[in-house]
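K.L.:
predicted model and sequence follow; I will ask about them next.
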Amino acid sequence: MTVPRIAPEVMAFYTSKVTEADRLSSSADGTLELLRTQELLRRYLPRPPARVLDVGGGPGTHARWLIADGYGVHLVDPVPRHVDQAGQIAGCTTELGDARQLTMADASFDVVLLLGPLYHLTDAGDRRQALTEAFRVLRPGGLLAAAGINRYASLFEHTAFAHLHRDDVRRSIAGILESRVHDGKKSFTQAYFHSADELRGEVAAAGFEGVEVFGVEGPTWGMLKATEQFTGESVIGTPLFESALAAARMAEPYPELLAASSHLLSVARR
């Protein structure tokens, strides 16, 4: 069994500070992220029952709907809590493991999802290793979907929290914008922030072809977060939410709007 070499800040965040199972359902921007990820993936996924390797799949949020769609899913995650939670999903096999050192055989999966690992690998060599491993276990012609946090996400998010004007917050966010790294000492955990061009380049450098990058939430996700922060009420299912979803779809043909999403999704083929 692979022993995960996860940063202690990341392990602490996912075991004591946040319930990842609720992240994509408890807020409007999280729900928007989930819906858009689903619709983008469904454009490219092969027909079920293809085999999907969900690397860094957390508690199985994506595994659940993929299994419902008819796919076979094996989930790998470095957090024991997540592996236990995902193991309760009927039809989902699980394994404690590391994206940089997968135990699967070469060319054994039709799809590999990296919808979390690149967030928390701040070293370029580690990200390259995770992408190389994904390439190795994919069958020729297989699909990779790799997500990154947008370089400017913290700028928009902390504006929505209405505290970016504070000197301490402004200095912290300025550091993230410059370095693309958050050290995980306060608030969010250790994380890396990609530009669209950088994510595209890293995927291509690992040998993948036909690389595309999408903005997941589109340019108006911050409106959803700010509205919920200030009203204390959910806007899921409201006209504001539907408009933000429409904006995300309409923004796709315009690469200059990629920088406005909270997350980026790259799809490519082996």
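P.N.:
Yep, it's here. Since the structure is predicted, the reported quantities are computational estimates derived from the model, not experimental observations.

K.L.:
once you drop chain neighbours, what's closest to the residue most central in space within the chain?
P.N.:
The geometric centre of the chain, computed from its C-alpha atoms, lies nearest to Leu115 (C-alpha atoms, centre = their mean), at 3.7 Å. Of all residues beyond its chain neighbours, the one nearest Leu115 is Ala147 (4.5 Å), with distances taken as C-beta to C-beta, 6 or more residues apart in numbering. Any C-beta I mention is one placed from the backbone N, CA and C, and that applies to glycine too.

K.L.:
pretty sure His263 sits against Glu217.
P.N.:
Yes: using C-beta atoms under 8 Å, His263 and Glu217 qualify as a contacting pair, with a distance of 6.4 Å.

K.L.:
tell me where the stretch 51-200 of the chain has helices.
P.N.:
For the stretch 51-200 of the chain, the helices defined by DSSP state H, counting those that start in this stretch occupy 61-68, 80-86, 117-120, 124-137, 153-160, 167-179, 196-205.

K.L.:
which other helices and strands does the third one contact?
P.N.:
Yep, that's helix 117-120 we're talking about. Helices and strands touching helix 117-120, as assessed by 3 or more C-beta pairs under 8 Å, 6 or more residues apart in numbering; DSSP states H and E, comprise helix 124-137, strand 138-150, strand 191-194.

K.L.:
can you do 10 Å?
P.N.:
Helix 117-120 sits against helix 8-12, helix 124-137, strand 138-150, strand 191-194, helix 196-205, strand 263-269, with contacts defined as 3 or more C-beta pairs under 10 Å, 6 or more residues apart in numbering; DSSP states H and E.

K.L.:
average pLDDT for that helix?
P.N.:
What helix 117-120 shows for mean pLDDT is 96.

K.L.:
how distant is it from the center of its chain?
P.N.:
Averaged C-alpha coordinates place helix 117-120 at 8 Å from its chain's average position (C-alpha atoms, centre = their mean, to the nearest Å).

K.L.:
same deal with the second one?
P.N.:
Centroid separation between helix 80-86 and its chain, computed with C-alpha atoms, centre = their mean, is 17 Å.

K.L.:
for the record, mean pLDDT for that helix?
P.N.:
Taken as a whole, helix 80-86 carries a mean pLDDT of 96.

K.L.:
what lies in contact with that helix?
P.N.:
Counting contacts by C-beta atoms under 10 Å, 6 or more residues apart in numbering, the residues outside helix 80-86 that touch it are 4, 11, 14-16, 19-21, 54, 56-64, 73-77, 79, 92-97, 116.

K.L.:
okay, buried residues for that helix please.
P.N.:
By 16 or more other C-beta atoms under 10 Å, the buried positions in helix 80-86 come out as 81-83, 85-86.

K.L.:
check the first one too.
P.N.:
If you call a residue buried by 16+ other C-beta under 10 Å, then helix 61-68 has these buried ones: 61-67.
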